[in-house]
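# Give me the fold of what follows.
(one chain, ligands or ions: 1)
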Amino acid sequence: LSVLVRVPASSANLGPGFDVLAAALGLYMELEVAETGRFEVRTDLSIARDSRNLAVRGFAALRPVGGVRFTIRSEIPLSGGLGTSAAAYVAGLAAADALNGGGADVLAEGTRLEGHPDNAAAALLGGFVVCAGGRAERLDPPAGLDAVLVVPGRAVRTAKARAALPPEVPMTEAVFNIGRASLLVLGLARGDLDLVARGLEDRLHQPRRASLYPRSMEIVERARDLGALGATISGAGPSVLVWVRAERAAEVAARLESECAGWARVMRLPFAPAGVEVRTTGA
Ligand code: HSE
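You can find the predicted model right below:
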C-alpha cells in the first residue's frame with residue numbers, strides 16, 4: 001500500500017495575527033509513503049534523511065516508521081517563513097493517518113510538533129485560517145486577491161525569531177493589533193480588499209524581529225508605494241508576503257524584481273483554497 005500526500009506552503013501571522021492567522025499558498029510539497037520493508041528517506045532536498053526528518057517525525061507520531069520508504073519532493077523555498085516544517089509534519093501525519101484508516105486529530109498533533117498552530121492549520125485546511133482555543137476556522141480566499149512573495153536567500157531560524165519576542169507586551173500594542181486583525185478578518189470574509197489593506201499592520205512581532213530581517217522590513221514599509229495593498233513578514237521571516245490586487249500583480253512583481261535583485265527571489269502565487277490532499281494507491 002502506498003500513500004501520496006500533497007501539502008501547500010503557508011504564510012503565518014499575516015501582520016497582526018501572530019500565532020493566530022495564516023494562509024495557504026499555491027506552492028507544494030509532496031510526500032510518497034510506501035511500506036517496502038526497509039526504512040529509507042529519498043529526496044533531492046538538503047534535509048535530514050533519518051529519523052530527524054520532519055515528515056518522518058510527523059508520521060512517527062501516529063505509526064511506526066520501520067519498513068517505510070519516504071519520498072519527498074518540494075517546491076517550497078527553505079530559507080524560512082513559508083511553512084515548510086508545518087507542511088512536512090502535516091504530510092507525515094496525514095500519510096500515517098490514512099494508513100491507520102483515519103481518525104487522528106492532525107491539527108492537534110501538528111500544533112504539538114510545531115509549537116504553534118497557524119502554519120499547520122493552513123497546510124491542513126487551505127484558504128485562510130483563524131486559530132484559537134485549539135481549533136481552526138477556515139475562510140475562502142477572496143476573489144481578486146493575489147500574492148507576490150519576496151524570498152531572501154539568507155535564512156532566519158524560527159527558534160531565534162521566537163526568542164526575540166518578550167513574554168509580555170504593552171496594552172497599546174495589543175489593542176493596535178486586535179483592531180488590525182479584526183479589520184483583516186472582516187475584509188477577508190466580506191471580500192473587501194480596502195479593509196484587508198487597512199488590516200495588515202503589526203506592532204507585536206515584526207518591529208521586535210526587524211534586526212533579523214532588515215531588508216525584508218524595508219519591503220514591508222515600501223509595499224504600498226510599489227502598488228501593493230500592503231505586505232507582511234511571512235511567519236518568522238525572512239520571506240515577505242506582498243498582498244496585491246490581481247490586476248496589479250504583474251506590475252508590482254516587476255517593481256519588486258528590481259528592488260530585490262541580488263538578495264531575494266520574487267514569486268507570483270495564488271492563495272491556495274485547498275489544504276492537504278491524500279491519495280492512497282496500490283494494494
Ligand atoms: N507564528 C509563528 C511565528 C510562525 O511567527 O513565530 C513561525 O512559522
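
# Surely Asp202 is in contact with Asp19?
No - Asp202 is beyond contact range of Asp19, at 12.0 Å (criterion: Cβ atoms under 8 Å). Just so you know, the C-beta spots here come from the backbone N, C-alpha and C atoms, and that holds for glycine as well.

# ok, for Asp192, nearest residue in space, not its chain neighbours?
Counting by Cβ to Cβ, 6 or more residues apart in numbering, Asp192 lies nearest to Leu186, which is 7.4 Å off, once chain neighbours are set aside.

# ok, now how distant is that neighbour from the ligand?
21 Å (Cβ to the nearest ligand atom, to the nearest Å).

# Am I right that Gly37 is in contact with Gly67?
Yes - counting by Cβ under 8 Å, Gly37 does reach Gly67; the two are 4.8 Å apart.

# Settle it for me: which of the two has more neighbours?
Between Gly37 and Gly67, Gly67 has the larger neighbour count (other Cβ atoms under 10 Å), namely 12 against 9.

# and the closest residue to the ligand within the stretch 101-250 of the chain, what element?
In the stretch 101-250 of the chain, the residue found nearest to the ligand is Gly235; the distance is 3.4 Å by Cβ to the nearest ligand atom. Per DSSP states H and E, Gly235 falls between elements, in no helix or strand.

# count of neighbours near Asn100?
11.

# Actually, Asp202.
22.

# OK, contacts around it?
Applying Cβ atoms under 8 Å, 6 or more residues apart in numbering, one finds that Asp202 lies in contact with Asn13, Gly15, Pro16, Phe18, Asn177, Arg180, Thr232, Ile233.

# for Val244, same thing?
Val244 touches Leu145, Asp146, Ala147, Val148, Gly227, Ala228, Leu229, Val252, Ala253, counting by Cβ under 8 Å, 6+ apart.

# So which of those belong to helices?
In this view, those that belong to helices under DSSP state H are Val252, Ala253.

# which residues are common contacts for Asp202 and Asp19?
In contact with both Asp202 and Asp19: Asn13, using Cβ under 8 Å, 6+ apart.

# Look up how far Thr111 lies from Leu99.
21 Å (Cβ to Cβ, to the nearest Å).

# ugh, wrong one, Leu62
On the measure of Cβ to Cβ, Leu62 and Thr111 end up 14 Å apart.

# Could you do Val56 as well?
18 Å.

# related to what we said a few turns ago, can you lay out the contacts of Asp202 as TSV showing pLDDT and distance to Arg248?
Putting these into TSV (pLDDT from 0 to 100; distance: Cβ to Cβ, whole Å) gives the following:
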residue	pLDDT	distance to Arg248
Asn13	98	23
Gly15	98	19
Pro16	98	23
Phe18	98	27
Asn177	98	27
Arg180	98	22
Thr232	98	17
Ile233	98	21
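
# Export the longest helix anywhere in the chain to PDB, keeping only CA atoms.
Longest helix in the chain by number of residues, with DSSP H as the criterion: helix 171-190. What follows is helix 171-190, C-alpha atoms only, in PDB (Å, rounded to 0.1, in the frame of the first residue of the first chain):
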ATOM      1  CA  MET A 171      -1.600  47.200  26.200                       C
ATOM      2  CA  THR A 172      -1.400  49.900  23.500                       C
ATOM      3  CA  GLU A 173       0.300  47.400  21.100                       C
ATOM      4  CA  ALA A 174      -2.100  44.600  21.900                       C
ATOM      5  CA  VAL A 175      -5.100  47.000  21.200                       C
ATOM      6  CA  PHE A 176      -3.500  48.100  17.900                       C
ATOM      7  CA  ASN A 177      -3.100  44.500  16.800                       C
ATOM      8  CA  ILE A 178      -6.600  43.500  17.800                       C
ATOM      9  CA  GLY A 179      -8.000  46.300  15.700                       C
ATOM     10  CA  ARG A 180      -6.000  45.500  12.700                       C
ATOM     11  CA  ALA A 181      -6.600  41.700  12.900                       C
ATOM     12  CA  SER A 182     -10.300  42.300  13.200                       C
ATOM     13  CA  LEU A 183     -10.300  44.500  10.100                       C
ATOM     14  CA  LEU A 184      -8.300  41.900   8.200                       C
ATOM     15  CA  VAL A 185     -10.600  39.000   9.000                       C
ATOM     16  CA  LEU A 186     -13.700  41.200   8.300                       C
ATOM     17  CA  GLY A 187     -12.100  42.300   4.900                       C
ATOM     18  CA  LEU A 188     -11.300  38.700   4.000                       C
ATOM     19  CA  ALA A 189     -14.800  37.500   4.900                       C
ATOM     20  CA  ARG A 190     -16.500  40.300   3.000                       C
END
